[in-house]
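[1] mind looking at a prediction? Sequence and model below.
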Protein chains: 2
Amino acid sequence: MVIVDILRATSCMVSGFANGVKGIIPVATLEECKEYQKNGFICAAERGGKQVDGFELDNSPFSYMNEKLKEKTICATTTNGTLAISKSINAEKVIIGAFLNLSAIALYLENQPNDVIIHCAGWKGKVNMEDSLFAGALIEKLLHSHDLNCDASHMALTYYQGVKNKLLSTVQNSAHAKRLVKIGINKDIEFCLEIDRFNVIPVLTGKTLMKME
Amino acid sequence: MVIVDILRATSCMVSGFANGVKGIIPVATLEECKEYQKNGFICAAERGGKQVDGFELDNSPFSYMNEKLKEKTICATTTNGTLAISKSINAEKVIIGAFLNLSAIALYLENQPNDVIIHCAGWKGKVNMEDSLFAGALIEKLLHSHDLNCDASHMALTYYQGVKNKLLSTVQNSAHAKRLVKIGINKDIEFCLEIDRFNVIPVLTGKTLMKME
């Protein structure tokens, strides 16, 4: 199972591990996050695109690339992304995908024997553009090793192929990106749409995301 | 609200009205259909693509274009399409869409002031190819009169534009079409993908679909 929340949870996670973060504990609720904070963890908490008062980190990949987080295990909760992880806890293996590590996860997946489910976090239960486009991009890379299982895969693939030459401008016009631009984080969007900047695969190990060795 | 179940419920309804059917009462369950049958209605009942034993009609558009149904009101239940109608009963206006009457409904919609929701019946709660492609086709026709409201609309539009020059072969490869081909109804699929064969708009009036005058 590949979890994806391009704007911005899984892009943050990939950026964090690429820059020395040791572990990320994804939790669904602010209450759980607060518990970890009481036990000394640095915590990232976002709701509706904004940092929640009382927690150290927001949901920007730039915040995850901080020297202070090197070798640290942090706790994170976001509107959609960490919820998607919580819902996938029973999958055989959960890895974290983003455009930032697209080829790394494709290479891993094409060399393992299991079926692949791409779990798009979306936006509050609805389909969104950027996660669907990531699904299409990953499917395109897996076409030689895997078959399409359903119409949704075909739709995501065709969608991606239709706009891949103008990926950034397309996503900048998405409903979610417009929400984020309103709160001033256009540079996050550009960063999250970069393909293959990093070569790491976060993998869920127990309740904690770790860097796959 | 436009309800669409290309394979085959809404294609059947459009074909029926274009060929003289007076009214269609869509019901969600076989039990309700049985009640109408007891009261003398001709009934169409389909589950999993096949005609249900004990009812007069299956879910093929050719069955709906029968001389015997002229001026008759019939009752119909199908796996996905009539369920979608039942769920939409509180919408301000419910009309029935198919490729067969695409331009007729587009022309109607572009000249009325309301927002448009395209309700894709899908397959047992999941997205399917042919209904999403119809949504994209209708959205393309409404681009000059309406704005896109969400990422799902953009995805359906891009999806349709990506395959519209090979619409039939694309749908013939869909999961649902493959199920239908297995039970021998490839000619239904070809018929349901014909664009603008008919110029009728079924509209829900109380509990009964009637031809819009």
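    That came through, no problem.

[2] quick one: residue A:143 from residue B:123, how far?
    23 Å (C-beta to C-beta, to the nearest Å). All C-beta spots, glycine's among them, are computed from the backbone N, C-alpha and C.

[3] next one: residue A:118
    Applying C-beta to C-beta, one obtains 19 Å for the distance of residue A:118 from residue B:123.

[4] repeat for residue A:63
    Distance, residue A:63 to residue B:123, by C-beta to C-beta: 42 Å.

[5] flag the helix or strand of chain A with the lowest per-element mean pLDDT.
    Least confident helix or strand of chain A, by mean pLDDT, DSSP states H and E, is helix A:175-182 with a mean of 79.

[6] and residue A:69, how many residues sit next to it?
    Using other C-beta atoms under 10 Å in any protein chain shown, the number of residues around residue A:69 comes to 21.

[7] what's near enough to touch the residue lying closest to residue A:83 once chain neighbours are set aside?
    Here the nearest residue to residue A:83 in space, its sequence neighbours aside, is residue A:28; by C-beta to C-beta, 6 or more residues apart in numbering or on different chains that works out to 5.2 Å. For residue A:28, the set of contacting residues under the criterion of C-beta atoms under 8 Å, 6 or more residues apart in numbering or on different chains consists of A:77, A:82, A:83, A:86.

[8] does the second one belong to a helix or a strand, and which?
    What that stands for is residue A:82. Residue A:82 is part of helix A:81-87, with elements assigned from DSSP states H and E.

[9] buried residues in that helix?
    Applying a neighbour-count criterion of 16 or more other C-beta atoms under 10 Å in any protein chain shown, the buried positions in helix A:81-87 are A:81, A:82, A:83, A:84, A:85.

[10] closest one of those residues to residue B:130?
    When those are compared for distance to residue B:130 (C-beta to C-beta), residue A:84 wins out at 27.9 Å.

[11] from residue A:122, how far off is the closest one?
    If you measure residue A:84 against residue A:122 using C-beta to C-beta, the figure is 8 Å.

[12] again with residue A:97
    As defined by C-beta to C-beta, residue A:97 lies at a distance of 14 Å from residue A:122.

[13] show me where chain A has strands.
    In chain order, chain A shows strands spanning A:2-4, A:23-26, A:42-47, A:50-51, A:73-77, A:95-97, A:118-120, A:202-205, A:208-211, with DSSP state E as the criterion.

[14] residue A:183 touches residue A:49, doesn't it?
    Yes: A contact is recorded between residue A:183 and residue A:49 when judged using C-beta atoms under 8 Å, the distance being 5.3 Å.

[15] what about the two, which has more around it?
    Neighbour tally, residue A:183 and residue A:49, criterion other C-beta under 10 Å: the higher count belongs to residue A:49, 19 against 11.

[16] confidence score at the residue nearest to residue A:83?
    The model reports residue A:28 with a pLDDT of 91.

[17] now for the closest residue in space to residue A:193 that isn't next to it in sequence: which residues touch it?
    What sits nearest to residue A:193 in space, not counting adjacent residues and going by C-beta to C-beta, 6+ apart, is residue A:168, at 4.9 Å. Taking C-beta under 8 Å, 6+ apart, we find residue A:168 in contact with A:189, A:190, A:193.

[18] out of those residues, which end up buried?
    In these, burial by neighbour count holds for A:189, A:193, counting by 16+ other C-beta under 10 Å.

[19] how many other residues sit next to residue A:158?
    Summarising burial for residue A:158: neighbours were counted as other C-beta under 10 Å, giving 22.

[20] which residue is the nearest non-sequential neighbour of it?
    residue B:162 (4.3 Å).

[21] isn't that neighbour up against residue A:160?
    No: contact status for residue B:162 versus residue A:160: not in contact, 9.6 Å apart, counting by C-beta under 8 Å.

[22] enumerate the residues of chain A near chain B.
    A:123, A:126-129, A:132, A:150-152, A:154-155, A:158-159, A:161-163, A:174-176 (C-beta under 8 Å from any C-beta of the partner chain).

[23] who has more neighbours out of residue A:97 and residue A:122?
    Taking neighbours as other C-beta under 10 Å, residue A:97 and residue A:122 compare with residue A:97 leading, 31 against 22.

[24] bridging residues for that one?
    Partner residues in beta bridges with residue A:97, using DSSP bridges, are residue A:4.
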